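[1] Next one to model:
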Amino acid sequence: MHLIMVGLNHRTASVELREKLAFPEYGLGPGLDKLREYPHISEGVILSTCNRTEVYCVVDDREEGRQDILNFLESTREIDQQAFIPYTYTYASRDVIRHLFQVVSSLDSMVVGEPQIAGQVKNAYQAAQGKGCTGPILNRLFGHALSVGKRVRTETDIGSKAVSVSYVAVELAKKVFPRLEGCKAFLVGAGEMGELTARHLLDNGVREVLVASRSLERAERLAARFGGQAVPFMDSIRYMADVDIVITSSAAPHHLITERDVLAVMGLRGGRPLFLIDIAFPRNIDPQVGKIENVFLYDIDDLKSIADSHLEDRNKEATRAKNTIIETEVEEMASWLYSLEAVPTIKLLRQEVEKIRDQKTRKALARLKDLSDEDKDQIVALTKLITNAILHKPITTLKESANRKNGYIYLQALRHLFGLDDHSDRKTK
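    Got it, this is the predicted structure:
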C-alpha cells in the first residue's frame, strides 16, 4: 500500500498544457470511472482546477502506480504522455500529505490566501467519494486536509487582505463609503482591469454601473454585461455629478478629467465624497484632483503598492502556517498512515528473517553430514529461538510506537535497514 500523487500546476506547466489536461465538470465522473479500472490503483481522487490537475491515489506499487496514472491521463485527455511528463511532479507518502495540506490551505495557489481552493478540493473529494473511488486512506486524508485548510484560515490572517488591484480598489471604496449598497459607479473606458474592478464593485453591493467608451457599441456591450447603462463618452464629466465611484481605464494619451472638471462636479454634489480609481496608463485623471476636499483619488501605482504590501503580509502568514500548523498536522496524518503499515511490516520482517535463517541453516547442515536427525532438529530449533529473540525487541517497539507521534520513524528505519520496500515491490511485480 502506497500513497502517491502525480500532477502539474501553474508553476510547472503553461496554461495551454493545463487546459489540455484539465477535467471539465462533466468529464470528472467518467474520468473517475476510468481511473478505477487501472490494476495497481485501489483509491483515487482527481483535483482539477484552472491552475492544477492532480491525481491522488493509493497504489500497491509506487512505480507501477505512477505509470498507471500517466497512462490514465494520456488515455482520458488524449495527449501523448511524453508531451506532459516533463512538466509533472510526483509525490509519495508524507510528501503527498504535506502537498495536499498546503494546496487546501491556499499556500500553493497562484494568489496565496485565495478562498476558492478549499471548495474545489472538497468538491473533488465528494465527486470521488460518490463514485466509490475512495477508501479508508483517502477518506482520512481528504477529511483531515479540509480541517487543516479551515484551521489555517481561522488561525492566521492569510486571507484577510486583498492582493489584486481590483480587490484593493473595492476594499478602499468600502473605507470611503460606510456601505457600498446603493452606490453608483461610472466606468470610463473599456480596459480589462477597469471592467474587472466594476464587476467586483457590483458583487459587493454597488447597485448600478454607467459605462462610457469612445466606441458607443462597446459601451453598450459592457453595460449589458453589468445590467447598466451606456452613456456618451463626451458627456462623461456631466454624469460624474450623479455617481459615487469613477473608474477610468481609457487608452487616451492625455488627462480626460482635470482639476477644473472635478471642482465643478463637487459643487453639484452637496458635500458627498467622490472616489476615483485611475487604472489607465498613461493616467486619465490629473493628479491635482486628489488634493480636492472630499475627493479620494488612487492610480494604478497606489493600488499595486497596497496589493504588494498585502501580498508580503500574506507570504509571512503562509510561512508561519507552513512551519507550525501544516507540519504539526502532517506529523499526525503521517503517523496514522504509517501505523497501518505496522502489521504488514512485521509480517514481512518475519518472512525475510525466516527465509535467511532457513537458507543458512540448510547450507550449514548440508556440510555437517555426521549429525543425527535429532541433532539437526535441535540445531534448527536453536536457530529459531535465536531469531525470535533478536526480533522480539524491535517488533515490540514497533507495535508500541505505531500510533505515537513520530512512530513512523521506527517503521521507515526498519523497512530501510532490512530492505523491505525493495522486497515488497519485487513481490508485487
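[2] So for the helix or strand containing K384, what gets flagged as buried?
    Secondary structure assignment for K384, by DSSP states H and E: helix 373-401. Across helix 373-401, burial judged by 16 or more other CB atoms under 10 Å covers 383, 387, 391, 394-395, 398, 401. Glycine gets a C-beta too; all of them are placed from N, C-alpha and C.
[3] Could I get the average pLDDT for that helix?
    The average of the pLDDT scores along helix 373-401 is 89.
[4] C-terminal to it, what's the next element?
    In N-to-C order, the element after helix 373-401 by DSSP H and E is helix 408-417.
[5] tilt between that next one and helix 373-401?
    Angle of helix 408-417 versus helix 373-401, following axes from the mean of the first three to the mean of the last three CA atoms, to 10 degrees, is 140 degrees.
[6] Counting neighbours, show which residues of helix 408-417 come out buried.
    Buried-residue list, helix 408-417, by 16+ other CB under 10 Å: 408, 410-412, 414-415.
[7] Distance check, T319 against T383.
    55 Å (CB to CB, to the nearest Å).
[8] correction: Y26
    63 Å.
[9] Also D377?
    Counting by CB to CB, the gap from D377 to T383 is 11 Å.
[10] And for Y338?
    For Y338, the distance to T383 - CB to CB - is 31 Å.
[11] same question, S147
    50 Å.
[12] And T328, by the same measure?
    For T328, the distance to T383 (CB to CB) stands at 45 Å.
[13] Please apply the same query to V330.
    Going from V330 to T383 by CB to CB gives 42 Å.
[14] which ones are touching the most centrally placed residue in the chain?
    The residue lying closest to the centre of the chain (CA atoms, centre = their mean) is V103, at 2.8 Å. V103 is in contact with 47, 52, 54, 109, 117, 121, 145, counting by CB atoms under 8 Å, 6 or more residues apart in numbering.
[15] show me where the stretch 101-250 of the chain has helices.
    According to DSSP state H, counting those that start in this stretch, the stretch 101-250 of the chain carries its helices in the segments 116-130, 136-155, 165-176, 192-203, 216-226, 236-240.
[16] Select, out of these, the one closest to L348.
    Closest of the helices of the stretch 101-250 of the chain to L348 is helix 136-155, at 18.8 Å (criterion: CB to CB).
[17] Now do that closest one, average pLDDT.
    Averaged over helix 136-155, pLDDT sits at 95.
[18] CA atoms of that helix as CSV?
    Taking Å, rounded to 0.1, in the frame of the first residue of the first chain, the C-alpha atoms of helix 136-155 are listed here in CSV:
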residue,chain,number,x,y,z
PRO,A,136,-10.2,4.4,4.3
ILE,A,137,-6.9,6.1,3.4
LEU,A,138,-8.1,8.9,1.0
ASN,A,139,-11.2,9.4,3.2
ARG,A,140,-9.0,10.1,6.2
LEU,A,141,-6.5,12.1,4.1
PHE,A,142,-9.0,14.5,2.5
GLY,A,143,-11.2,14.8,5.6
HIS,A,144,-8.0,15.8,7.5
ALA,A,145,-6.9,18.1,4.7
LEU,A,146,-10.2,20.1,4.8
SER,A,147,-10.0,20.6,8.5
VAL,A,148,-6.3,21.8,8.1
GLY,A,149,-7.4,24.3,5.5
LYS,A,150,-10.1,25.6,7.8
ARG,A,151,-7.6,25.8,10.7
VAL,A,152,-5.1,27.8,8.6
ARG,A,153,-7.7,30.3,7.5
THR,A,154,-9.0,30.6,11.1
GLU,A,155,-5.7,30.9,13.0
